[in-house]
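Peer 1: Return atomic coordinates for the entry below.
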Amino acid sequence: MRARHLVRLAVNLANGSTLAGLGLALAGQARLARAPDGLLAGTGYRLPVPAVPAFTMGSVILTRRDTLEPDSALFRHEARHATQYAWCGGLLMLPLYFAAAGVSWLLSGDVGAWNPFERQAGLADGGYAGHPPRPAFRRGAPAASRPGRPASAPGDRGPGPESAGRA
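Peer 2: Below you'll find the predicted structure:
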């Protein structure tokens, strides 16, 4: 096992996220098996949430599928999330992830498209599609449609020396 994977495994064990993943696997009646790079794969997960093809908790990848091939794009995507758990201090990743998902949904109507955790893990590998920002958040959108910006009247140049002299 590479040093970086050994470090990830040790950090996720120390921060409790892998233990939480094992508990979730047990609750969801997943069959656990060793996977490459110090990861565990839990297949046949039975709980109804979350409603995604696979998800990660610490160094445990869980899926409802009967198998999860280590050379698949989905496995690689979830392995990147395992590294994110180590970088984020374990279970602290959950509120960070959900906040990022909320911002992504506000920006685009999709929880993954602008979520930095999903983007770093590879959107397509995780089964996410890219979505453009909503019109109000696009560059070049009229000022009236951008949140926090007052609409300006035609010919209004905004505050500055010229308009101050006219007031």
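Peer 1: domains of the protein?
Peer 2: In the assignment given by automatic domain parsing, the structural domains of the chain cover 3-89, 92-146.
Peer 1: Most tightly packed of these?
Peer 2: Taking mean count of other Cβ atoms under 10 Å as the contact definition, the stretch among these with the greatest mean neighbour count is domain 3-89, which reaches a mean of 18. Bear in mind the C-beta positions are built from the backbone N, C-alpha and C, glycine included.
Peer 1: Now do that domain, average pLDDT.
Peer 2: For domain 3-89, mean pLDDT is 97.
Peer 1: starting at the chain centroid, how far to that domain?
Peer 2: 14 Å (Cα atoms, centre = their mean, to the nearest Å).
Peer 1: for stretch 83-97, same thing?
Peer 2: Distance, centroid of stretch 83-97 to centroid of chain: 10 Å (Cα atoms, centre = their mean).
Peer 1: how about the CA coordinates for it, as PDB?
Peer 2: Written as PDB, here are the backbone C-alpha positions of stretch 83-97 (Å, rounded to 0.1, in the frame of the first residue of the first chain):
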ATOM      1  CA  THR A  83      -9.300  11.200   1.200                       C
ATOM      2  CA  GLN A  84     -11.500  14.300   1.800                       C
ATOM      3  CA  TYR A  85     -12.700  12.800   5.100                       C
ATOM      4  CA  ALA A  86      -9.000  12.700   6.200                       C
ATOM      5  CA  TRP A  87      -8.400  16.300   5.100                       C
ATOM      6  CA  CYS A  88     -11.600  17.600   6.700                       C
ATOM      7  CA  GLY A  89     -11.000  16.000  10.100                       C
ATOM      8  CA  GLY A  90     -13.400  13.100   9.800                       C
ATOM      9  CA  LEU A  91     -17.100  13.700  10.500                       C
ATOM     10  CA  LEU A  92     -16.600  17.400  10.200                       C
ATOM     11  CA  MET A  93     -16.800  16.700   6.500                       C
ATOM     12  CA  LEU A  94     -20.600  16.000   6.700                       C
ATOM     13  CA  PRO A  95     -21.700  19.600   7.600                       C
ATOM     14  CA  LEU A  96     -19.100  21.000   5.200                       C
ATOM     15  CA  TYR A  97     -20.400  18.700   2.400                       C
END
